[in-house]
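Enquirer: give me coordinates for this.
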Amino acid sequence: MIALPCFALSPGNIGRGWRGSSVIARSHCIAIDVGTGTLKSALVDLSSGKVVKHESAKLDTVRRHDASVEQRPSDWWRATCETVGRVLTDLDNAIVLSSVAVTGQMQDLIMIDEADNVLYDTAILYSDQRAVSEAQELTEKLGVRVTPDTLLSKLLWVERNWNLSSMSSLLPEQSPDR
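Expert: The predicted model follows:
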């Protein structure tokens, strides 16, 4: 179950009227877009395709001299809760919420362990370019062009540059032949 302010979405209430009523009404979708600078949420009437209500929240992006670009996934969640909560405020009981659509940035590196614990509090964004030497090395080894924005380049950069020893209790055991 996803619990948001003024909103609860669970398998038991998808397709039912807003606030659990059984009123037959038009179907709606909550659309959430995690953008690079702004998170946007909208309520869309699926029969007409029209946006009934929309809200947005600014996202902070950290850009450094080494071409790194990062955001906090916890900010994405906070902004989602805020914007969806505002979108769903003061709605008619006849609203039927049938779906949630989420879209956003691609190839962001969010490091978590097997239990979904966050290993590092920021995500390395798709536009991050710090892994230039790693991309060149991978290009030579693999024989195909690899760019600094790929996840493989970023993972290799993280392995070489971040002190993950403080997170060692969260990381799986390393195999001796590594």
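
Enquirer: what mean pLDDT does the helix ranked longest in the chain get?
Expert: The residue-count maximum for a helix in the chain (DSSP state H) belongs to helix 73-87. Across helix 73-87, pLDDT averages out at 95.

Enquirer: just the CA atoms of it, as PDB, please.
Expert: Below are the C-alpha coordinates for helix 73-87, written out as PDB (Å, rounded to 0.1, in the frame of the first residue of the first chain):
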ATOM      1  CA  PRO A  73      15.600  10.300  -3.900                       C
ATOM      2  CA  SER A  74      14.000  11.200  -0.500                       C
ATOM      3  CA  ASP A  75      13.200  14.600  -2.100                       C
ATOM      4  CA  TRP A  76      11.500  12.800  -4.900                       C
ATOM      5  CA  TRP A  77       9.300  11.000  -2.400                       C
ATOM      6  CA  ARG A  78       8.600  14.100  -0.400                       C
ATOM      7  CA  ALA A  79       7.600  16.000  -3.500                       C
ATOM      8  CA  THR A  80       5.400  13.100  -4.700                       C
ATOM      9  CA  CYS A  81       3.600  13.100  -1.300                       C
ATOM     10  CA  GLU A  82       3.100  16.900  -1.400                       C
ATOM     11  CA  THR A  83       2.000  17.200  -5.000                       C
ATOM     12  CA  VAL A  84      -0.300  14.100  -5.100                       C
ATOM     13  CA  GLY A  85      -1.800  15.300  -1.800                       C
ATOM     14  CA  ARG A  86      -2.600  18.700  -3.200                       C
ATOM     15  CA  VAL A  87      -4.000  17.200  -6.400                       C
END
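
Enquirer: what packs against that helix?
Expert: Helix 73-87 sits against strand 2-4, strand 27-34, strand 38-45, strand 51-58, with contacts defined as 3 or more C-beta pairs under 8 Å, 6 or more residues apart in numbering; DSSP states H and E. C-betas here are computed from N, CA, C, even on glycine.
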